[in-house]
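1. give me the fold of what follows.
(one chain, ligands or ions: 1)
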Amino acid sequence: MLRYFPASFPDETLYSRLCRYHRLSGQEVDRASLHELIGGHTHVVVSALPSKLDTLVSRLPNEANVSVDDIASNNTLLAFYTAFMPARRASSVYAAMRGDSASGIKMSIGLIASRLGGHNQLRFCRICAQEEYFTTGQPYWHRVHQLPGVLVCPVHKQTLCALAAETIELNRHKLLLPDDKAIAGHLDDIHLSDIQQETALRLALLSGDVLHGRMQTKGAEGIHRLHRSSAAAHGLIRANGRIRIDDLDQLIGLYCNCLPVNIEFSVVRCRLFDCALNLLRKPREAIVHPMLHIVLMDCLRCVEDRPNLQCAEAVPDMPLTSRARKIIDLSVLAEKLSFQGATLSGVAGVMGISVTTAAVEAARAGIRVSKRPKHLTAERVTDVGTSLRLGLCIEEVAQRHAISIVSVYRILRMDAALAQEYEAKLFALLREQYRQRYMDSRSDKAAYAWLRRHDGLWLTEQLKTFPAMRTRKRCVDWRRRDTALARQIFEIEAQLRSMPGKPTYINETKLKRLTSMADTIEHSLSNLPLTEAALKTCAESAQAHQRRRIMWAYCELKKRPDFHHQLWEVLRLAGVRKLHPSNEALAYTLL
Ligand SMILES: [Zn+2]
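-> Next up, the predicted model:
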């Protein structure tokens, strides 16, 4: 049974909780923590659908108040992978996660065959991580960032940072957090063009809705109806129910131009058309990867069916219903783009549509789109670098130089030396802040913990200068406890000696045990001199115990009429096999 288990942060993966347990436990070896948590050090805990949930929960302390259901629903991607699945299949996935092996799960739900999400992946958002230093004190792995197809943080709209696949494979038995030094050199920022980032953001929001149960799909039938109605709204379904294959092909071709090119999207680009045909035709038993459903939903712009109005408001121009299609005036679009030289985002803003829609409609109508004017001149980039070196926060830098936050991050990513300097400057500022907090209040535990981890040398110096701060108040009155324990030991000895029947052996272990404070006595004997002396006085040696048994046996035998005063009779009743030399005189005196 574990002594503690960290409570879950919002949207945290189970792997992340295990990693935090490992870090808090102070264990040096990850495998030792794994052994404590799941009873084996060779098991690989994955982010998506981890197994051994029953084993883990059986080891958690009762105070943690954690159930298998809680973990499966709040710390794994089970809800995402089973959202479009028949209930029977979903329950078999859940059962497999409770068991000892996850090897069959990925195969049974088609993750391996689809080549999407088959690998374990670890991604995080740098802004989320920075914020978590101040809110929770520890950056952690979010569930939504680990979803296949999520390359952008749905909260900060920034591309994520991914741990290289080879590094994950090499460290599969390690418990790593985003700020672990071991992985610092193996993190890659995902790079996307503007249009790809916009698409990736919409997909991330949709994926988040599916994961958090904000999108009710009503099973395989429900999602089939949803895709059909969205396709019908685009005029992709004929009156007789057949699909307009050429139109669908064209739409998907245009849409794929907006998709990211790398990572799992290379698979989606190849398979989206075939998959769309399958999903729009009769619903089948075969399980389709949730990411393909989500990409098709986004492609067909079926977001108007989403019950989550909050997300729809966050991206107000996202829905493109049949009604919205009618109001796109191609002549206005052509005039603004070709003759007025407006940018895509400018036109999209004026016409009340998304940039993607404007790009797709312009491409469909064969309108040439002028390139975006460059605002980031070399001089401005240098100025931004200077501001960053001062340690200003990203928002402040963006405001000061009248550029977007995304551009500031891009400048940082382009210049590795600048990024390093900026990080060092932020660290120095943070360190100064914590040092000041500690100097102001020595009892500030959060400041102490931060300094202990990040600024150990300085803290050690401080503790040397003010050693009195480290002395802890004594909580136990050892003298009183010592007297009470010594008295108790004498009483126990007297009781043991006065017990009827054959004498029992009175040794130190038995005396300690009968005080019911054996642990305290053993660990704090230096604080208990009287107790120690009492133990030495009351405990008897082997020959003394033998002597007591011989005396008892002799007294017992004397009461019997058939006693022949033989030594063997006394020794047999006393249970003595070999008479100790020091007791020989006593035995012969008695007989
Ligand atoms: Zn974020």
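
2. and for the host helix or strand of residue 295, what's in contact with it?
-> Per DSSP states H and E, residue 295 falls inside helix 290-299. With contact meaning CB atoms under 8 Å, 6 or more residues apart in numbering, helix 290-299 is reached by 80-81, 83-84, 114, 116-117, 147-149, 199, 202-203, 206-207, 210, 223, 226-227, 230, 251-252, 255, 259, 264, 268, 271-272, 275-276, 279, 303. For glycine as for every other residue, the C-beta is placed from the backbone atoms N, C-alpha and C.

3. what does this structure put close to the ion?
-> When proximity is defined as CB under 5 Å from the ion, the chain approaches the ion at 125, 127-128, 153, 155-156.

4. low-confidence ranges in the chain?
-> Flagging of the chain using pLDDT under 70 yields the residue ranges 102-103, 113-114, 117-118, 217-219, 263, 283-285, 302-327, 370-374, 467-473.

5. biggest helix in it, by residue count?
-> helix 416-440 (DSSP state H).

6. now do the end-to-end distance for stretch 386-401.
-> Distances were taken as CA to CA, to the nearest Å; on that basis the terminal residues of stretch 386-401 are 11 Å apart.

7. please renumber the chain so that the first residue is 452 from this point on.
-> Sure, I'll start numbering at 452, so the last one becomes stretch 837-852.

8. now tell me what touches that stretch from outside.
-> With contact meaning CB under 8 Å, 6+ apart, stretch 837-852 is reached by 578, 831, 834-835, 855-856, 858-860, 862-863, 869, 872-873, 876-877, 879-880.

9. and with 6 Å instead?
-> Contacts of stretch 837-852 from elsewhere in the structure, counted by CB atoms under 6 Å, 6 or more residues apart in numbering, are 835, 856, 859, 872-873, 876-877, 880.

10. one more: stretch 588-602?
-> Residues from elsewhere that reach stretch 588-602 (CB under 6 Å, 6+ apart): 460, 462-464, 467, 498, 531, 567-568, 574-575, 580, 583, 611, 629-630, 641, 651, 654-655, 658-659, 711, 715, 742.

11. buried residues in the strand or helix carrying residue 983?
-> When secondary structure is defined by DSSP H and E, residue 983 falls within helix 980-989. Of the residues in helix 980-989, those scored as buried under the neighbour-count criterion (16 or more other CB atoms under 10 Å) are 981-983, 985-986, 989.

12. what's the separation between residue 484 and the ion?
-> From residue 484 across to the ion, the span is 27 Å (CB to the ion, to the nearest Å).

13. OK, contacts around that residue?
-> Taking CB under 6 Å, 6+ apart as the definition, contacts of residue 484 comprise 473, 476, 478.

14. of those, closest to the ion?
-> Top of the list for closeness to the ion, among the contacts of residue 484 and by CB to the ion, is residue 473 at 23.9 Å.

15. wait, that closest one sits on residue 624?
-> No - using CB atoms under 6 Å as the test, residue 473 is too far from residue 624 to be in contact (11.4 Å).

16. neighbour-wise, which of those two wins?
-> Neighbours of residue 473 and residue 624, each counted by other CB atoms under 10 Å, are more numerous for residue 473; the result is 23 against 14.

17. the more buried one sits in which helix or strand?
-> If you go by DSSP H and E, residue 473 is part of helix 465-476.

18. ok, residue 579 next?
-> In this assignment (DSSP H and E), residue 579 forms part of helix 577-586.

19. just the buried positions in that helix, please.
-> Within helix 577-586, the residues scored as buried using 16+ other CB under 10 Å are 577-580, 583.

20. ditto for stretch 484-497
-> Burial within stretch 484-497, assessed by neighbour count using 16+ other CB under 10 Å, is assigned to 484-485, 487-489, 494, 496-497.

21. quick one: end-to-end length of that stretch, please.
-> Between the start and the finish of stretch 484-497 there is a gap of 16 Å, counting by CA to CA.

22. which ChimeraX command selects the buried ones in the contacts of stretch 588-602?
-> With 16+ other CB under 10 Å as the burial test, the buried ones among the contacts of stretch 588-602 are selected in ChimeraX as follows:
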select :460,462,463,464,467,498,531,567,568,574,575,580,583,611,629,641,651,654,655,658,659,711,715,742
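
23. residue 659 against residue 604, yeah?
-> No - look at residue 659 against residue 604 with CB under 6 Å: they stay out of range, at 9.9 Å.

24. so which of the contacts of residue 484 is the closest to residue 525?
-> Relative to residue 525, the closest of those is residue 473; by CB to CB it sits at 19.9 Å.

25. dump the residue contacts of the closest one.
-> Remark: with contacts taken as CB under 6 Å, 6+ apart, residue 473 is in contact with 481, 484, 626.

26. from residue 638, how far off is it?
-> Counting by CB to CB, to the nearest Å, the gap from residue 473 to residue 638 is 20 Å.

27. okay, strands next: where are they in the chain?
-> With DSSP state E, the ranges of strands along the chain come out as 574-575, 612-614, 638-640.

28. mind putting those in JSON lines, distance to residue 797 included?
-> Rendered in JSON lines, the data for the strands of the chain read as follows (distance: least, CB to CB, whole Å):
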{"stretch": "strand 574-575", "distance to residue 797": "33"}
{"stretch": "strand 612-614", "distance to residue 797": "31"}
{"stretch": "strand 638-640", "distance to residue 797": "28"}
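
29. comparing these, which comes out most buried?
-> A comparison of the strands of the chain by mean neighbour count, using mean count of other CB atoms under 10 Å, puts strand 574-575 on top with a mean of 24.

30. now residue 981. Nearest residue, chain neighbours left out?
-> Excluding its sequence neighbours, the residue lying closest to residue 981 (CB to CB, 6 or more residues apart in numbering) is residue 937, at 3.9 Å.

31. could I get the contacting residues of the one you found?
-> For residue 937, the contacting residues are 981-982, 985, taking CB under 6 Å, 6+ apart as the criterion.

32. which one of the buried residues of stretch 484-497 is nearest the ion?
-> The shortest approach to the ion among the buried residues of stretch 484-497 belongs to residue 497, at 22.0 Å (CB to the ion).

33. how many residues are close by the closest residue to the closest one other than its chain neighbours?
-> Of all residues beyond its chain neighbours, the one nearest residue 497 is residue 571 (4.5 Å), with distances taken as CB to CB, 6+ apart. By the other CB under 10 Å criterion, the neighbourhood of residue 571 contains 18 residues.

34. separation between the nearest residue to residue 607 once chain neighbours are set aside and residue 631?
-> Leaving out its chain neighbours, the residue that sits closest to residue 607 by CB to CB, 6+ apart is residue 578, at 4.3 Å. Distance check for residue 578 against residue 631: by CB to CB, it reads 19 Å.

35. which ones are touching the residue nearest to residue 936 when sequence neighbours are not counted?
-> Distances taken as CB to CB, 6+ apart place residue 982 nearest to residue 936, at 4.3 Å, with adjacent residues excluded. By CB under 6 Å, 6+ apart, the residues touching residue 982 are 933, 936-937.
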